[in-house]
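# The amino acid sequence is not available; the structure is as follows:
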């Protein structure tokens with residue numbers, strides 16, 4: 001367990017040293033200086049996540065409906081779900 005904790009600590013330390021992480025932190029700090037814009041972006045992210053969750057539900061429901069019509073194996077259903085998700 002200690003080895004896992006050490007590896008996680010090393011990973012987070014390395015991530016914090018990347019340009020991408022530092023750019024993210026910089027943009028986030030500037031964004032937080034404008035509370036209205038920060039709130040609007042938070043709202044957008046919540047709505048975007050909600051839409052994605054609805055799409056997942058509809059996709060799952062569609063796969064289940066297809067299985068009723070055309071019996072397919074569980075592996076094929078998982079493959080269909082993966083292929084559809086990555087193309088969105």
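Sure thing, it's come through. None of the values given here were measured: they were computed from a predicted structure.

# C-alpha only now, for contacts and for neighbours.
OK.

# residue ranges of the helices in the chain, please?
2-16, 19-32, 35-69, 74-87 (DSSP state H).

# tell me which strands and helices the first one is in contact with?
I take that to be helix 2-16. Taking 3 or more Cα pairs under 8 Å, 6 or more residues apart in numbering; DSSP states H and E as contact, there are no helices or strands that helix 2-16 lies on.

# tell me the angle of that helix relative to helix 19-32?
Here helix 2-16 points in a direction 70 degrees away from that of helix 19-32 (axes from the mean of the first three to the mean of the last three Cα atoms, to 10 degrees).

# and for helix 2-16, what are the contacting residues?
Residues from elsewhere that reach helix 2-16 (Cα atoms under 8 Å, 6 or more residues apart in numbering): 21-22.

# How far away from the center of its chain is it?
For helix 2-16, the separation from the chain centroid amounts to 22 Å (computed by Cα atoms, centre = their mean, to the nearest Å).

# for that helix, what is the average pLDDT?
Averaging pLDDT along helix 2-16 yields 95.

# returning to what we had before: for the helices of the chain, give me TSV that also has mean neighbour count.
What follows is the helices of the chain, written out as TSV (neighbours: other Cα atoms under 10 Å):
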stretch	mean neighbour count
helix 2-16	11
helix 19-32	12
helix 35-69	13
helix 74-87	11
